[in-house]
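[1] Sequence first, predicted model second:
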2 protein chains.
Amino acid sequence: VNGHIVKAFSEELATLGHKIAAMGGLAERELADAVTSIERRDLALAGRTVAADLEIDEAGRDIEAQAILMIARRQPVASDLREIIVAVKIATDLERVGDLAKNIARRAERIIENHPQRAMSGFVRMARAAMQQIKDVLDAYSSRDTQKALAVWRADEEIDSIYNSLFRELLTYMMEDPRNIGSCTHLLFGAKNIERIGDHATNIAENIYYLVEGEPLSESRLRLDDTETGRPARPVDADRSA
Amino acid sequence: VNGHIVKAFSEELATLGHKIAAMGGLAERELADAVTSIERRDLALAGRTVAADLEIDEAGRDIEAQAILMIARRQPVASDLREIIVAVKIATDLERVGDLAKNIARRAERIIENHPQRAMSGFVRMARAAMQQIKDVLDAYSSRDTQKALAVWRADEEIDSIYNSLFRELLTYMMEDPRNIGSCTHLLFGAKNIERIGDHATNIAENIYYLVEGEPLSESRLRLDDTETGRPARPVDADRSA
């Protein structure tokens, strides 16, 4: 009987893992579509992207419901409990990635209206970096790969740095011509949304580390590395220095 | 023995409740200090506010650790499990409120530099409304008061509406004089942070509703009310229409 229960529990955990992977796929796609809708000035795609966010929210609720049911019925402890809790946390982060992608799509019309074309390249570069981060961190989760998770955690610096440049660039366009102010402000918020998507990728990376190593990332050797390199445990708000 | 376990569990739940109340108090204070630091041009206070956020993060980790321990040791089901899960969710929202308040404090220097004084009144009004929301929703949690939680949930509209006006107002100042662009952009991000603090208050309100009523707010009669009034279940991004 015990063997049966253990098997049922592993199967449920595997299902939970598949659901996270599927939800992650939806979030990646929503972000890609939001950015494409702006690049190609495709408002119909922007509208579909906003609508698609409901699907991600539903996937998040489904994962949470399964997790609560598993805790109540299987009463897991130690690493089994950690698996479930981390799954819920990752789902929460992916749900927020979806929300942020939706916000970008919602701004598409205002951004497209009147933005200086040269402002797009930094925005698109930043978006591609964030998409890669989401993809890599989901791979790291599937393969329980701490090294890959740490690589994602470290690469967030690059997104922050692109954001920082883009912030200054957009302010310049606004100062050059007041007609740029509206669209550049929306583009700035869009860029900030992408920067926050990067933060969610690092949150997920931290959770993978915790899941595999059994201790939080911030309490471990990386905190020492931070002191050495001067990089703070949490990325500072990049535009602070702009 | 069973009576003993039940009593121990209720005591642990009460402790968890006290910890949430204390964490909420820290978040309220951090937000108040962030806004005061800008109003009074007090950069030392802004610095202390940024530093104080570590305390909120620590409180959040403590609540989560206790919750995991309670689930593992007491193996609660039904409403007991709901109590614990809702506590963790509220702690997550409060932690984000702290992060957002910290971000406002971080921008204090850039905002103070050069903002048009008339821009402050909308910002301060919005911040006061958000502080009231956090205070009310924490009261609603302590007293398990669904009506009060619903009042918070509905009042978020007001914050969104102030934000919407402020967004347009700030864009006007930027167009009037390019020297306003830097500080007004930071003030706009600060305002957006407050708008998001309002969203976290509504998240907490939704969780209180779920805790007391046993069903999610969005699935219940309020969804019908939304259709009637045309108010969406989630506030739309207010500046979308700006």
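    Arrived safely.
[2] List of residues touching stretch A:10-19?
    Outside stretch A:10-19, the residues that touch it by Cβ atoms under 8 Å, 6 or more residues apart in numbering or on different chains are A:59, A:62-63, A:66-67, A:70, A:74, A:80, A:83-84, A:87, A:141-142. Every residue, glycine included, has its C-beta placed from N, CA and C.
[3] Sort out for me which of those residues are in helices.
    Among the contacts of stretch A:10-19, the ones falling in helices (DSSP state H) are A:59, A:62-63, A:66-67, A:70, A:74, A:80, A:83-84, A:87, A:141-142.
[4] Please name whichever of these scores lowest on pLDDT.
    Within these, pLDDT reaches its minimum at residue A:74, with 86.
[5] Which element, helix or strand, includes the closest residue to that one other than its chain neighbours?
    Spatial nearest neighbour of residue A:74, excluding adjacent residues (Cβ to Cβ, 6 or more residues apart in numbering or on different chains): residue A:9 at 5.2 Å. Using DSSP states H and E, residue A:9 sits within helix A:2-39.
[6] what comes up buried for that helix?
    Neighbour-count burial for helix A:2-39 flags A:9, A:12-13, A:16, A:19-20, A:23-38 (criterion: 16 or more other Cβ atoms under 10 Å in any protein chain shown).
[7] now stretch A:56-64
    If you call a residue buried by 16+ other Cβ under 10 Å, then stretch A:56-64 has these buried ones: A:56, A:57, A:59, A:60, A:63, A:64.
[8] for stretch A:197-205, same thing?
    Counting neighbours by 16+ other Cβ under 10 Å, the buried set in stretch A:197-205 is A:197, A:198, A:199, A:200, A:201, A:202, A:203, A:204, A:205.
[9] Pull out the CA atoms of it and give them to me as CSV.
    What follows is stretch A:197-205 as a C-alpha-only set of coordinates in CSV (Å, rounded to 0.1, in the frame of the first residue of the first chain):
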residue,chain,number,x,y,z
ILE,A,197,10.0,40.0,-16.1
GLY,A,198,13.8,39.6,-15.8
ASP,A,199,13.4,39.9,-12.0
HIS,A,200,10.8,37.1,-12.0
ALA,A,201,13.2,34.9,-14.0
THR,A,202,15.8,35.4,-11.2
ASN,A,203,13.1,34.7,-8.5
ILE,A,204,12.4,31.4,-10.3
ALA,A,205,16.2,30.7,-10.4
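[10] Mind checking if that stretch is in reach of chain B?
    No - Stretch A:197-205 stays clear of chain B (Cβ under 8 Å from any Cβ of the partner chain), getting no nearer than 9.6 Å.
[11] so how far is that stretch from its chain's centroid?
    The chain centroid and the centroid of stretch A:197-205 are separated by 5 Å under Cα atoms, centre = their mean, to the nearest Å.
[12] Give me the mean pLDDT for it.
    96.
[13] just stretch A:164-171 next, same as before
    Mean predicted lDDT for stretch A:164-171 stands at 94.
[14] got the residues of chain A near chain B?
    Going by Cβ under 8 Å from any Cβ, the residues of chain A near chain B are A:68, A:71-72, A:75, A:77-78, A:81, A:85, A:92, A:103, A:106-107, A:110, A:171, A:174-175, A:178, A:181-182, A:185-186, A:188-189, A:192, A:216, A:236-237, A:239-240.
[15] Going through those, which ones are buried?
    A:68, A:71-72, A:81, A:85, A:92, A:103, A:106-107, A:110, A:171, A:174-175, A:181-182, A:185-186, A:188-189, A:192, A:237, A:239.
[16] Just the ones of these in helices?
    A:68, A:71-72, A:81, A:85, A:92, A:103, A:106-107, A:110, A:171, A:174-175, A:181-182, A:185-186, A:188-189, A:192.
[17] and the helix or strand hosting residue A:98, how far out from the chain's middle?
    Secondary structure assignment for residue A:98, by DSSP H and E: helix A:78-114. Its chain's average C-alpha position is 6 Å from that of helix A:78-114, according to Cα atoms, centre = their mean.
[18] who does it touch, helix- and strand-wise?
    Under the contact definition 3 or more Cβ pairs under 8 Å, 6 or more residues apart in numbering or on different chains; DSSP states H and E, helix A:78-114 sits against helix A:2-39, helix A:43-74, helix A:181-213, helix B:43-74.
[19] Tell me which of these lies nearest to residue B:4.
    Of all the helices and strands packed on helix A:78-114, helix B:43-74 sits nearest to residue B:4, with 12.2 Å by Cβ to Cβ.
[20] Could you tell me the angle between the closest one and helix A:78-114?
    Using axes from the mean of the first three to the mean of the last three Cα atoms, to 10 degrees, the direction of helix B:43-74 lies 140 degrees away from that of helix A:78-114.
[21] which other helices and strands contact helix B:43-74?
    Using 3+ Cβ pairs under 8 Å, 6+ apart: helix B:43-74 touches helix A:78-114, helix B:2-39, helix B:78-114.
[22] still on that earlier bit, helix A:181-213 and the helix holding residue A:98, what's the angle between them?
    Using the same axes, to 10 degrees: helix A:78-114 against helix A:181-213 is 170 degrees.
[23] List the buried residues in helix A:78-114.
    For helix A:78-114, by 16+ other Cβ under 10 Å, it's A:80-112.
[24] give the contact list for residue A:9.
    A:70, A:74, A:76, A:80.
[25] for the third one, helix, strand, or coil?
    With DSSP: H, G, I helix; E, B strand; the rest coil as the basis, the three-state label of residue A:76 is coil.
[26] my guess is it meets residue A:69, correct?
    No - using Cβ atoms under 8 Å, residue A:76 makes no contact with residue A:69, being 11.7 Å away.
[27] So which of these two has more stuff around it?
    residue A:76 (20 against 11; other Cβ atoms under 10 Å in any protein chain shown).
[28] By mean pLDDT, flag the weakest helix or strand of chain A.
    helix A:221-229 (a mean of 38; mean pLDDT, DSSP states H and E).
[29] so where's chain A uncertain?
    For chain A, the stretches flagged by pLDDT under 70 are A:1, A:218-242.
[30] Residue A:171: what's it in contact with?
    Counted by Cβ under 8 Å, 6+ apart, residue A:171 has contacts A:184, A:242, B:181, B:182, B:185.
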